[in-house]
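Engineer: Pasting a predicted model and its sequence here:
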Amino acid sequence: MTELKRETLTITVAGREMTFETGKIARQAGGSVLVTYGETVVMGTACAASTGSDEIDFLPLRVDYVEKFSAAGKTLGGFIKREGRPKEREILTCRLIDRPLRPMFEEGYYNETQVLAYVLSYDGQHSPEPLGICAASAALTLSEIPLKKAVAAVRVGMIDDNFVINPTVSEQKESVLDLIIAGTEDAILMIEGYADFLSEEQVLQAVEEGHSAIKIICQKLTDWQKVLGKPKMTDCFRVPPKELHEEIERICAGRMEQLVRIKDKNERNNGIDAVKKEVMEALFPEGAEPKYNLSDSKIAFKKFTAKCMRAMILKDKVRPDGRNSEEIRPIDIELDLLPRTHGSTLFTRGETQAIAVCTLGGGQMAQRFEHLEEEGEQYFYLQYSFPPFSVGEVGRMGPPGRREIGHGKLAERSLNPLIPSREDFPYTIRVESNITESNGSSSMASVCGGCLAMMRAGVPIKRPVAGIAMGLILDDQEHYAVLSDILGMEDALGDMDFKISGDHDGITAFQLDIKIEGITPKIMQVALNQAKQGRTHILNKMLDACPKSSETLSAHAPRIDMVRIKPSQIGTIIGPGGKMIREIQETTGAELNIDDDGLVSITCTTAEGMDKAKEMVHNLTAEVEIGQVYTGKVTSVVDFGAFVQIFSQEGLLHVSEISYERIDKVADHIKIGDMLEVKVIDKTDRGVRLSRKPLLEKPEGYVEPAPRPPRGDRGDRDRRPRDNNRRPPRGGGDNRGDKPMKSPQLIPPPKTTVGG
């Protein structure tokens, strides 16, 4: 048996130790590393096939991230207790790991590669997402897989105008910034952040703070690799020969330079496809032995297309559709496109188009979620769909893919700072973004369309926002072009996809993906400033079409009202086994949703049902006050008075408080079911005392009886010691007859009832 040899590396990050460990677990993987931060432990593994397929012209990289619920001492809440289909947060974290790693593989590497990250222990304070990126990078760094440089990631928060590296979960709740940044020792590779309208300068400062911490981790991992790293595989690279590139250029003979200038996307793509077909027929003549590999030929043709487009942009300052680098495509907005929806907008920017729909509902329409930290409900969410016809293709239809989930979450979190509080607007808000055309940045079109759809639905948003995607064509750090509102071709063949959303004064979300080894803060600053100009232009177009939110809701939207109760009264509203809440909903046709803090949301389509539901909730939770007059229902009649129900409480109307006249038999005056107007004269832990006398006219000459002196102060009584022998035996004695002795008649405590 091979001896376990544990090797560790400890790095201090944000004043806390981050430990990397290898050699003990998963030793048969190409690389395996455990990262520990606090008591959160994430394992990263990396494996690759020894050879690549000659038919593949892309890197077949698969990244998976799994949160083991046992890591937090929990099990799944559903019927099936085993982790299975990835949850939304796991998919989003997969994308966070994939995006900074993918551009760091050596050119020509096409072997099937798999990176896995498992959360094995979670302490509830140290977030696992940046640790997943670090663990995956460390596993690749120590493995034989040809990663160019070590990659690391940190989270950056901002509390009281101070940046915090790797804030704890509790600190994140106080932060106005949630930024995850990944990069190498030299440059930034990926950022994804959400903010409460921070300025471009603050975002840039946050990125620089995060990169400073990343440099330290990358330096240590690089040193660790020199000691423990396996030799990298180098004999598997497949780079098209120089002769192939020259052959393709000869066949195209200047035509590609003209094709990349065609403004219409379909016409341009059809022209390029025709030339590609001609090139492949020339390189692979029928019946002859091909000189080159097919996948190499495809790679070389793509590089040649990119070369022509990039040269046109850098040298001629012209983009494929004829715009300059800062120009925004034409924008068209049509409000209220769909008559029966609560709010809808058709947003078109160039050849990118989205139908955005806003739907309002009650609490039961909220989106439930469950992950390591907590489970709960989202009252605002955005769902993005990208059908294949939007790019003129035939494709799979089914559950949303990783790309759709990622784009939808970016748009959702871009809009999240706009959403009013539940107290101000108690609706659940669902936004759909249905992409009907795509040629660049459909996620930012979803931000614009989603904002307008909410405004048309009558959501009182705090301030409208717009989104824009920026691109980059980089020759070197001094020769580059930052492109506003990029096309799909510029995204595919360019070096950067930088999405930014916000308004004139601040940023709500930003997502940066780099396809090269990284960019400098200088280029990022240029991109941020140029994005602000473009974002402002788009937002002004939106405000021209829809200056403010509708003041009234759609006639088809339900009405919602809020009632605040004490948290201790939630059980009263629900009732045993949900009896009371079901009765309210069945009686009124309303939908009730109760938060843990006692906020009751009532949703109903009719005014009558709403009023009745509010009345029933009020009757179950309202408390009587001394001195107030109420109308209550008689629930029982006894010899010493009657019990009257007011709201959900019962009070005693003593016989002496029914009338100014003497009453010998209560049942002759009051019957069960009678509605009586009574006044609360006392309220103690024992119950509520009621009276009708203050509501009646006092008889002429009536004299109020003197109050009975307190027990123990009755001086006229003979205070002789009690002689138990003076009491006649039970059942005997001159005055007791044969009746057994009764206990003294006591006033029973008030009963707790519901309904009525």
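Structural biologist: That came through, no problem.
Engineer: So which bits of the longest helix along the chain are buried?
Structural biologist: With secondary structure taken from DSSP state H, the chain has its longest helix at helix 200-228. Using 16 or more other CB atoms under 10 Å as the test for burial, helix 200-228 gives 200, 202-207, 209-211, 213-214, 216-218, 220-221, 224-225. To be clear about C-beta, it is placed using only N, CA and C from the backbone, and glycine gets the same treatment.
Engineer: same thing with stretch 521-541?
Structural biologist: For stretch 521-541, the neighbour count (16+ other CB under 10 Å) marks 523-524, 526-528, 530-532, 534-539, 541 as buried.
Engineer: Just name the closest of the residues you listed to Lys499, please.
Structural biologist: If you rank the buried residues of stretch 521-541 by distance to Lys499 using CB to CB, Ala531 comes first, at 8.9 Å.
Engineer: Need the pLDDT of that closest one.
Structural biologist: Looking at Ala531, its pLDDT reads 95.
Engineer: Over to Asn725?
Structural biologist: 49.
Engineer: could you pull out the helices for the stretch 251-400 of the chain?
Structural biologist: Secondary structure of the stretch 251-400 of the chain (DSSP state H, counting those that start in this stretch): helices at 255-259, 265-283, 294-316.
Engineer: Go through these and name the closest to Pro167.
Structural biologist: Nearest of those to Pro167, taken as CB to CB: helix 294-316 at 39.7 Å.
Engineer: Compute the inter-axis angle for the closest one and helix 265-283.
Structural biologist: Interaxial angle, helix 294-316 versus helix 265-283 (axes from the mean of the first three to the mean of the last three CA atoms, to 10 degrees): 130 degrees.
Engineer: What's the mean pLDDT across helix 294-316?
Structural biologist: Confidence for helix 294-316, expressed as mean pLDDT, is 92.
Engineer: which helices and strands sit right next to it?
Structural biologist: Here helix 294-316 touches helix 242-252, helix 255-259, helix 265-283, strand 466-476, strand 479-484, helix 488-493, going by 3 or more CB pairs under 8 Å, 6 or more residues apart in numbering; DSSP states H and E.
Engineer: Give me the packing partners of the first one, helices and strands only.
Structural biologist: Contacts of helix 242-252 with other secondary structure elements, assessed using 3+ CB pairs under 8 Å, 6+ apart, are made with helix 265-283, helix 294-316.
Engineer: what's the angle between that helix and helix 265-283?
Structural biologist: 120 degrees.
Engineer: Please give the centre-to-centre distance between helix 242-252 and its chain.
Structural biologist: Here the centre of helix 242-252 is set off from its chain's centre by 50 Å, with CA atoms, centre = their mean, to the nearest Å.
Engineer: What residues sit buried inside it?
Structural biologist: 244-245, 247-249, 251-252.
Engineer: Can I get it as CSV, trimmed to CA atoms?
Structural biologist: C-alpha atoms of helix 242-252 as CSV (Å, rounded to 0.1, in the frame of the first residue of the first chain):
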residue,chain,number,x,y,z
LYS,A,242,1.9,27.7,-41.3
GLU,A,243,1.4,26.3,-44.8
LEU,A,244,-2.3,25.6,-44.1
HIS,A,245,-2.8,29.3,-43.2
GLU,A,246,-1.1,30.4,-46.3
GLU,A,247,-3.2,28.0,-48.4
ILE,A,248,-6.4,29.4,-47.0
GLU,A,249,-5.4,33.0,-47.6
ARG,A,250,-4.5,32.1,-51.2
ILE,A,251,-7.9,30.4,-51.8
CYS,A,252,-9.8,33.3,-50.3
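Engineer: So which residues make contact with that helix?
Structural biologist: Helix 242-252 is touched from outside by 275, 278-279, 282-283, 292, 296-297, 300-301, 303-304, with contacts defined as CB atoms under 8 Å, 6 or more residues apart in numbering.
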